[in-house]
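S.K.: Give me the fold of what follows.
(2 chains)
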Amino acid sequence: MEAKRSHRVLIASIGLDGHELGALIVSRALRDAGMEVVYLGLNQTPEQVVEAGIQEDVDIIGISSMSGIHLAALSDLLEYLKSRGVQGITIIAGGIIPLKDIATLERLGVRKVFPEGTHTNKIIEFIKKEIPL
Amino acid sequence: MKHKRPRSPRGEKRFITQSGITLKTVYGPDDTKGIDYSNEIGDPGEYPYTRGIYPEMYRAVPWMKRQPMGFSSSELTAERYKELFKKGGQVGYEGEPATTLLFDMPTNYGYDSDNPKARYQVGTVGLPVDHIEDMIAFMRGFPMDKGFTNMVIHGSPAILMAMYIAAAEELGYSPAILKGSGKNDPFQSYLAERIKLLPIEAELKLAMDVLEYCVNNMPSWNPISVSGFSYHPSGLNSIKELGLTLATAIAYIEAGIQRGLQCDRFAPRISFFLSGGIDFLEEVAKFRAARKMWARIMKDRFNALNPKSMLFRVYCLTLTTDYTAQQPLNNIIRGTIQGLAAVLGGVQALGIPCYDEAIGIPTESAQTLSVRTQQIIEEESGVVKTVDPLGGSWCIESFTKEIEKQVYDYIGKIESMGDDGTVLKGLIAGVKNGNIIKEINDGAINRQRRIESGETTVVGLNKYIEEEYVAPPVFRPDPEVARMKIKDLQKFKSKRDLREVEGALGSLRDTVKREQNVMPALIEAAKKRVTLEEAMNVFRDVFGVGD
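M.R.: Here you go, the predicted model:
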């Protein structure tokens, strides 16, 4: 029988933005929870993120957004993901995201938004429970 | 019988400050034995300036009230500064207008607004500056001969400084009368902002070009604002923040001397920019220790003779990492406590970030509230009526001494990373081998763990949580403004004399290759309408890019 595999998660930030801590903290927490993390880091484009996600065969892409560009950046990412015909990659996001934008993002296709102040356990729990391997 | 320690009603296992100093039950005369008043503390305005750099402090001169701001266009930014100035904010020592200008991310990364990499971010978190006319549009109507301009430039400081100088000249002001400061601190850009446009040695060379140019031409300008303020939010505690800040300051003094400048000629124009945290007693002691240490470092390490070389002049921006998105009104209280600590610590300028910054870009009413907070501290609380009122407190003096000791150890550690006895070499090594960044990142991860485990209490976040809360209004930049900016830039580019642009870029390239000071060529290029990215590309070509 095949050994049980763990979630593969890509963590990145889109656009020119030096705020790295959220992405680093979440990456470390997911790794500590036994997940495989591909840390793509800062200053990515939506296209780069999706291509890396495909290449790395990840289950989840997590986008950190700290400078208010979440609506534009994530809708471009979702559109590109669709245009590449990708199935089976779940998009989640976190960072400085106002409450009323969370519903908008989730309507667009972001599976779940974890705004600043979220306990990392909540993210881990969500992934383990809600995203089947 | 041995005194049994009572169980804390809040459940702490140990009583420590955020930086890990263990607090005693009570402090007394024994804790300050051996701290000689005239040697270690001194009257305000007297070496080693522990109690303040001026004899009368706020009794004679208020602190500058400077809220960092930058919006999507020069006109809008200038307008918002004027409005806040009318309310008593953005104001200098003598009531003159004072700005603390933030730039947008593409500007900080050395890209023009029309570069595809600037997508999403033109004008979102600061002012986009592509060329001299953007600078002129912001400065027009600002009394450059009287007002104070602080520019928080994370990337490409030499180019933006040159644009600012060129703009001043086109508006009829001589560089000699310009007052203000520019963040020209490549170590901080690398370590905290994570903006690494050029190799660190090239960034340092350009920083020294700015320093040298300003020392020779702009006597009232602070050419380097040593900006430790973001080491703390990035992950270091207050003691390490001060350690890294003073280490970088020492490195710039060493670099200036290596450039052939005499220490007492430029050290008086080095200024500082620190964070202000919520751990009240420790923060007060941090500013006191900083002043004392800088005075001693300048006197003993660099043999400075000019007392002005020894003054630790500091702008404090309080910390948004202490803020929470949950129950955001609580942040008003946090800003007040942090601001009060900074004032009791004796800072020269203060900014209290808006309570809604944990949610998005501040609204106008939140900006006003931050200014009002400062005014209440100054004009109602009474703490400004005597100088250093906490001085002589057994606890504060003992903290000040302890911080000093730990900070010297930290500087020593950085120094030992190099191989020639300079802090400069040690810092360059620590930047290149990734050790300092790792320490900062580990600090951030540990801080998060302490919050998640409940070891550190954050009201509304991990204690006294409320599921439902009212979200405050959020400021949104108008995306149309970014499109307009790009259109304007294209129009600007099409109107230029391309031969002049090419000529200016050619001279800039020659200057860089000949290893001369780039400032005159950059100022000339700005006047010939060379854009930020075009100038930066010359540097990228010749120096290569940062890692």
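S.K.: quick check, residue B:101 in a helix?
M.R.: No. Checked against DSSP: H, G, I helix; E, B strand; the rest coil, residue B:101 lies outside a helix; its state is strand.
S.K.: okay, now it: neighbour count?
M.R.: 25 (other Cβ atoms under 10 Å in any protein chain shown). For glycine as for every other residue, the C-beta is placed from the backbone atoms N, C-alpha and C.
S.K.: beta partners for it?
M.R.: residue B:69, residue B:151 (DSSP bridges).
S.K.: Identify the residues contacting it.
M.R.: B:68-70, B:77, B:126-127, B:138, B:149-152 (Cβ atoms under 8 Å, 6 or more residues apart in numbering or on different chains).
S.K.: Rebuild the residues you listed as JSON lines, extending it with pLDDT, neighbour count and distance to residue B:278.
M.R.: Formatted as JSON lines, those follow (pLDDT from 0 to 100; neighbours: other Cβ atoms under 10 Å in any protein chain shown; distance: Cβ to Cβ, whole Å):
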{"residue": "B:68", "pLDDT": "92", "neighbour count": "17", "distance to residue B:278": "19"}
{"residue": "B:69", "pLDDT": "90", "neighbour count": "22", "distance to residue B:278": "23"}
{"residue": "B:70", "pLDDT": "90", "neighbour count": "27", "distance to residue B:278": "26"}
{"residue": "B:77", "pLDDT": "91", "neighbour count": "23", "distance to residue B:278": "30"}
{"residue": "B:126", "pLDDT": "91", "neighbour count": "25", "distance to residue B:278": "26"}
{"residue": "B:127", "pLDDT": "94", "neighbour count": "24", "distance to residue B:278": "29"}
{"residue": "B:138", "pLDDT": "94", "neighbour count": "24", "distance to residue B:278": "33"}
{"residue": "B:149", "pLDDT": "94", "neighbour count": "21", "distance to residue B:278": "30"}
{"residue": "B:150", "pLDDT": "94", "neighbour count": "26", "distance to residue B:278": "24"}
{"residue": "B:151", "pLDDT": "95", "neighbour count": "24", "distance to residue B:278": "28"}
{"residue": "B:152", "pLDDT": "94", "neighbour count": "23", "distance to residue B:278": "22"}
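S.K.: Closest to residue A:107 out of those residues?
M.R.: Distance to residue A:107 across these (Cβ to Cβ) is lowest for residue B:126, with 29.8 Å.
S.K.: ok, that closest one touching residue B:106?
M.R.: No. If you go by Cβ atoms under 8 Å, residue B:126 and residue B:106 don't touch, sitting 9.6 Å apart.
S.K.: Direction included, what does the strand ranked longest in chain A pair up with?
M.R.: In terms of residue count, the longest strand belonging to chain A (DSSP state E) is strand A:36-44. Using DSSP bridges, strand A:36-44 pairs in its sheet with strand A:8-14 (parallel).
S.K.: mean confidence score for the strand it pairs with?
M.R.: In this model, strand A:8-14 has an average pLDDT of 97.
S.K.: repeat for stretch B:438-449
M.R.: 94.
S.K.: Repeat that for stretch A:123-132.
M.R.: Rounded mean pLDDT across stretch A:123-132 is 96.
S.K.: which ones are touching residue B:174?
M.R.: Taking Cβ under 8 Å, 6+ apart, we find residue B:174 in contact with residue B:168.
S.K.: If you tally nearby residues, what's the number for the nearest residue to residue B:254 once chain neighbours are set aside?
M.R.: Leaving aside its sequence neighbours, residue B:254 sits nearest to residue B:424 (Cβ to Cβ, 6 or more residues apart in numbering or on different chains; 4.5 Å). Counted with other Cβ under 10 Å, the neighbours of residue B:424 add up to 24.
S.K.: go on, residue A:82?
M.R.: 11.
S.K.: Ok, the one 4 residues further on next?
M.R.: Counted with other Cβ under 10 Å, the neighbours of residue A:86 add up to 13.
S.K.: now residue B:110
M.R.: Neighbours of residue B:110 (other Cβ under 10 Å): 24.
S.K.: And the pLDDT for it?
M.R.: 96.
S.K.: avg pLDDT for the longest strand along chain B?
M.R.: Longest strand in chain B by number of residues (criterion: DSSP E): strand B:270-276. On average, the pLDDT along strand B:270-276 is 97.
S.K.: try stretch B:40-55
M.R.: 98.
S.K.: contact partners of that stretch?
M.R.: Contacts of stretch B:40-55 (Cβ under 8 Å, 6+ apart): B:35, B:39, B:56-57, B:60-61, B:288-289, B:291-292, B:295-296, B:299, B:307, B:310-313, B:346, B:348, B:387-388, B:391-392, B:397, B:400-401.
S.K.: Excluding chain neighbours, give the residue nearest to residue B:534 in space.
M.R.: Using Cβ to Cβ, 6+ apart, the closest residue to residue B:534 is residue B:505 (6.2 Å).
S.K.: Pretty sure the one you found sits in a strand.
M.R.: No. Counting by three-state DSSP, residue B:505 is located in no strand; its state is helix.
S.K.: Can you give me the pLDDT of it?
M.R.: 98.
S.K.: one step back: please export the C-alpha coordinates of the next helix or strand after the longest strand of chain B as CSV.
M.R.: The C-terminal neighbour of strand B:270-276 among helices and strands, as given by DSSP states H and E, is helix B:280-296. The C-alpha trace of helix B:280-296 is given here as CSV (Å, rounded to 0.1, in the frame of the first residue of the first chain):
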residue,chain,number,x,y,z
PHE,B,280,6.4,51.0,27.9
LEU,B,281,9.3,51.0,30.4
GLU,B,282,11.6,49.2,28.0
GLU,B,283,10.9,51.7,25.2
VAL,B,284,11.6,54.7,27.4
ALA,B,285,14.9,53.1,28.4
LYS,B,286,15.7,52.2,24.8
PHE,B,287,15.8,55.9,23.7
ARG,B,288,17.8,56.9,26.8
ALA,B,289,20.3,54.1,26.2
ALA,B,290,20.5,55.0,22.5
ARG,B,291,21.5,58.6,23.2
LYS,B,292,24.1,57.7,25.7
MET,B,293,25.7,55.0,23.5
TRP,B,294,25.8,57.1,20.4
ALA,B,295,27.5,59.9,22.3
ARG,B,296,30.1,57.5,23.7
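S.K.: All the strands of the stretch 51-200 of chain B, in order from the start?
M.R.: B:64-65, B:98-102, B:148-152, B:180-182 (DSSP state E, counting those that start in this stretch).
S.K.: Next: chain A.
M.R.: A:8-14, A:36-44, A:60-65, A:90-95, A:112-115.
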